[in-house]
Each structure stands twice: as structure tokens, then as C-alpha cells.
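**Q** this is the structure alone, sequence omitted:
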């Protein structure tokens with residue numbers, strides 16, 4: 001089964017045979033989708049949906065069907081309005097504790113954070129939404145010292161404590177809005193219920209996976225991750241590989257490897273980032289080419305679920321230029337398959353596509 005992990009995970013994550021038609025449906029199924037790169041995360045959703053384009057993802061941002069905020073590990077994630085309150089409750093104490101040392105260094109104590117929250121709340125009341133830059137300007141006008149690091153902590157505190165979340169995208173920029181106005185109906189769970197629900201979501205949408213994978217993805221301690229898994233084992237199937245238990249939703253059905261093909265995976269995609277052990281999808285010899293030392297996950301080219309290269313895109317007025325950079329000289333059928341995958345990405349953007357294939361080491365272009 002270990003060789004089947006990529007195929008099974010592709011199917012569980014709806015990268016192969018996508019069936020969801022709306023961003024809200026997909027996000028409810030996935031739980032969270034990492035959103036560090038605000039442009040690429042739209043493709044992470046488009047890749048898993050049927051026939052959607054970028055403009056429809058942006059409309060979901062506008063209506064609040066999907067929200068972008070810091071949650072769980074925490075880092076930027078897309079999260080469903082139905083899940084945001086209990087997920088914030090699950091991670092709030094741990095995140096604020098982790099912020100303590102940085103807060104002290106930057107002279108931000110509880111009183112300072114409370115004052116900032118009051119200023120932000122007043123500025124956003126009544127359905128207003130403002131960019132980060134505008135909020136920082138307002139804080140400065142109120143005598144709050146703001147720089148890149150302090151603003152990150154101030155806004156992170158406001159997100160973590162449930163004051164703000166993402167608003168609509170305006171002129172290509174993300175905005176903030178009040179969470180209570182954006183999501184007036186709060187669904188809250190106690191901690192054990194939250195851990196159990198998160199475990200159910202993860203193994204259903206990301207399995208086969210291990211308890212260590214779940215701990216990494218969720219930000220929970222290994223002990224909490226085990227409790228979560230124990231609470232949902234009855235709804236899962238499992239298989240032991242090399243002494244390690246992998247858990248998954250058996251209802252996903254049989255997997256047909258021949259259907260996986262070539263995929264242009266976006267940066268920071270759940271398929272690559274949400275497992276502690278990525279060896280099944282990314283050969284160790286090429287690890288540094290796909291993931292930087294400081295945790296940047298580059299867009300990768302997948303063939304049959306395994307990374308065979310990286311890709312870069314440059315969006316022009318009428319077309320998107322894609323440069324495919326291979327780890328080794330590709331098989332003869334790969335360039336054409338990459339061009340087809342590039343065409344899907346370009347269609348998502350509403351543009352034409354041009355693809356250049358770059359061979360490893362020499363950097364020469366494939367004829």
C-alpha cells in the first residue's frame with residue numbers, strides 16, 4: 001500500500017476525480033486549506049473543484065463563504081464560517097502562549113493588545129472592511145507604534161481572539177472585517193468535541209495518514225492527536241506499513257493509479273504540506289528543490305502523485321507563461337501532459353497558456 005499512498009491521497013483530497021462544485025462545499029470537507037500564498041491558494045481550490053474559475057473563488061471571499069485567517073498551527077488558512085469559532089477556540093490558548101516571548105520583546109502586553117482591539121473594532125463596526133495598511137495607519141494615528149513585526153502580532157492577536165477575519169478582496173488586496181458581523185452565528189464546541197471533529201475531518205479528507213501526520217497538520221500535541229484518533233477509529237479503516245498505522249476513510253473506494261496523470265500543484269498545497277512524512281510524494285534526493293530550508297513550499301509538478309519538478313508562472317495580460325523545471329530529463333509523454341495541465345490552470349485564470357520546459361542542471365530548454 002505504501003506505493004499507493006500518493007494515489008489514495010490524491011483521491012481523498014479530490015485532486016483526482018473532483019466532485020465538489022462550490023468553494024464552500026470543498027472547504028467544509030477539507031477543514032482548512034493553507035493559504036500562505038493568496039494567489040496560489042485560489043488554484044488549490046480550483047484544482048479540486050469542477051469547472052470553476054478564479055473569479056468564482058473571489059466571489060466566495062466577497063460573500064464570506066470562505067474565510068482567510070490564522071488558525072490551528074497557526075498560519076494563514078482558508079476556513080469555513082461553520083468551523084471558524086470552534087477551531088479558534090481549539091488553538092487560542094496555545095497560540096497566545098507562543099506569542100508571549102515576542103510580545104514582551106516588542107513591548108506588547110495585555111493592556112496594549114486590548115487597546116489595539118478596541119481601535120480596530122471601532123474602525124470596522126457597521127460592516128466596514130479595511131486593508132492591513134489602513135488599519136496600521138489608524139493605529140499609528142492613535143499613538144500605537146507600528147512596524148512589520150508589531151503589526152503582525154497585533155493583527156494576529158485580533159484574529160486569534162476572534163475579533164477579526166478576512167473581508168472581501170478589494171483591488172487585489174485582502175481586507176479585514178469583524179468576525180461577529182461576518183459570521184453572526186457562532187458554532188462552539190468543547191475541547192474534546194473539537195479534537196474529535198478535527199480528527200474526523202483530517203483522516204476523511206487527507207488519509208491515509210498517521211497520528212504524527214495529524215499532530216503536525218493540526219498543531220495539536222501528539223497526546224491530543226491520539227485522543228482525537230481514538231475517538232473516530234470506528235469510522236475509519238487502517239493498515240500497518242513498516243510498523244506504522246495509517247488511517248483513512250474506506251468509503252473513498254478503490255483507487256485507479258492510471259487516472260492520476262500530471263498535476264500542477266500550487267505552492268503550500270495541502271497535498272504536500274499536510275503530512276509530517278512526505279517521502280511517498282517527494283523523493284529525498286529532490287526535497288531541497290521543492291521545499292526550502294525556511295519552510296517555503298514551491299509549486300511542484302506531480303506525475304502519478306510524485307513530484308518530478310517545480311513550475312513557475314508569470315501572468316501576462318492575455319496569457320500565462322509557465323516554466324516547467326524538471327528534476328531529471330522527463331519521460332517522453334510528460335511535456336505534453338504538463339502542457340495540458342498548464343492549460344487547465346490558464347483556463348482557471350481565463351487566459352491562454354504558453355509552456356517552456358527546462359531540463360535539470362544545464363537549464364537548457366527542451367525542444
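**A** Looks like it arrived, so ask away. The structure displayed is predicted, hence computed values, not measured ones.
**Q** all strands of the stretch 151-300 of the chain, in order?
**A** With DSSP state E, counting those that start in this stretch as the criterion, the stretch 151-300 of the chain has strands at 164-166, 175-178, 237-241, 244-248, 262-265, 300-303.
**Q** nearest to residue 320, out of the ones you listed?
**A** When the strands of the stretch 151-300 of the chain are compared by CB to CB, strand 262-265 sits nearest residue 320, at 10.8 Å. C-betas here are computed from N, CA, C, even on glycine.
**Q** the closest one pairs with which strands?
**A** strand 300-303 (antiparallel) (DSSP bridges).
**Q** same for the helix or strand just after the partner strand, what does it pack against?
**A** Once strand 300-303 ends, the next helix or strand along the chain (criterion: DSSP states H and E) is strand 306-315. Judged by 3 or more CB pairs under 8 Å, 6 or more residues apart in numbering; DSSP states H and E, strand 306-315 is in contact with helix 287-290, strand 300-303, strand 319-326, helix 334-349.
**Q** give me the angle between strand 306-315 and helix 334-349.
**A** Taking axes from the mean of the first three to the mean of the last three CA atoms, to 10 degrees, one finds strand 306-315 and helix 334-349 inclined to each other by 50 degrees.
**Q** strand 306-315 pairs with which strands, parallel or anti?
**A** Checking strand 306-315 against DSSP bridges gives partners strand 300-303 (antiparallel), strand 319-326 (antiparallel).
**Q** now do it: distance to the chain's middle.
**A** Remark: strand 306-315 is offset 17 Å from the chain centroid, using CA atoms, centre = their mean, to the nearest Å.
**Q** helices or strands up against the longest helix along the chain?
**A** In the chain, taking DSSP state H as the definition, the longest helix is helix 84-105. Using 3+ CB pairs under 8 Å, 6+ apart, the elements in contact with helix 84-105 are strand 67-71, helix 148-160, helix 191-206.
**Q** gap between the second one and the chain center?
**A** So that's helix 148-160. Using CA atoms, centre = their mean, the offset of helix 148-160 from its chain centre is 20 Å.
**Q** try the longest one
**A** In terms of CA atoms, centre = their mean, the centre of helix 191-206 is set 17 Å apart from its chain centre.
**Q** for stretch 11-30, same thing?
**A** Distance, centroid of stretch 11-30 to centroid of chain: 13 Å (CA atoms, centre = their mean).
**Q** mind checking the end-to-end distance for that stretch?
**A** 12 Å (CA to CA, to the nearest Å).
**Q** now residue 166. Nearest residue, chain neighbours left out?
**A** Nearest residue to residue 166 in three dimensions, chain neighbours excluded: residue 68, at 4.0 Å (CB to CB, 6 or more residues apart in numbering).
**Q** for that neighbour, give me its contacts.
**A** Listed by CB atoms under 8 Å, 6 or more residues apart in numbering, the contact partners of residue 68 are 35, 38, 41, 61, 76, 77, 78, 79, 165, 166, 174.
**Q** strands along the stretch 1-150 of the chain, start to end?
**A** 32-34, 67-71, 75-79, 130-131.
**Q** chain center to the first one: distance?
**A** Put plainly, it is strand 32-34. 3 Å.
**Q** output the below-cut-off pLDDT ranges for the stretch 151-300 of the chain.
**A** The stretch 151-300 of the chain contains residues with pLDDT under 70 at 252-260.
**Q** my guess is residue 203 contacts residue 250, does it?
**A** No - applying CB atoms under 8 Å, one finds residue 203 not in contact with residue 250, separated by 10.7 Å.
**Q** those two: which is more packed in?
**A** residue 203 (28 against 10; other CB atoms under 10 Å).
**Q** against residue 228, how distant is the more buried one?
**A** 9 Å (CB to CB, to the nearest Å).
**Q** shared neighbours of those two, anything?
**A** With CB under 8 Å, 6+ apart as the test, residue 203 and residue 228 both reach residue 214.
**Q** between the two ends of stretch 10-17, how far is it?
**A** From start residue to end residue, stretch 10-17 stretches across 9 Å - CA to CA.
**Q** who touches it?
**A** Under the contact criterion CB under 8 Å, 6+ apart, stretch 10-17 has outside partners 7, 20, 26, 29-30, 47-48, 204-208, 248-249, 252-253, 255, 259-261, 263, 265, 270-271, 302, 305.
**Q** show me the contacts for the residue lying closest to residue 94 once chain neighbours are set aside.
**A** The shortest distance from residue 94 to any non-neighbouring residue, by CB to CB, 6+ apart, is to residue 219 (7.0 Å). Shown in contact with residue 219 (CB under 8 Å, 6+ apart): 72, 73, 74, 91, 94.
**Q** I'd like those as TSV, with distance to residue 199 and pLDDT appended.
**A** Compiled in TSV, the contacts of residue 219 are given as follows (distance: CB to CB, whole Å; pLDDT from 0 to 100):
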residue	distance to residue 199	pLDDT
72	13	93
73	16	89
74	18	88
91	15	95
94	17	94
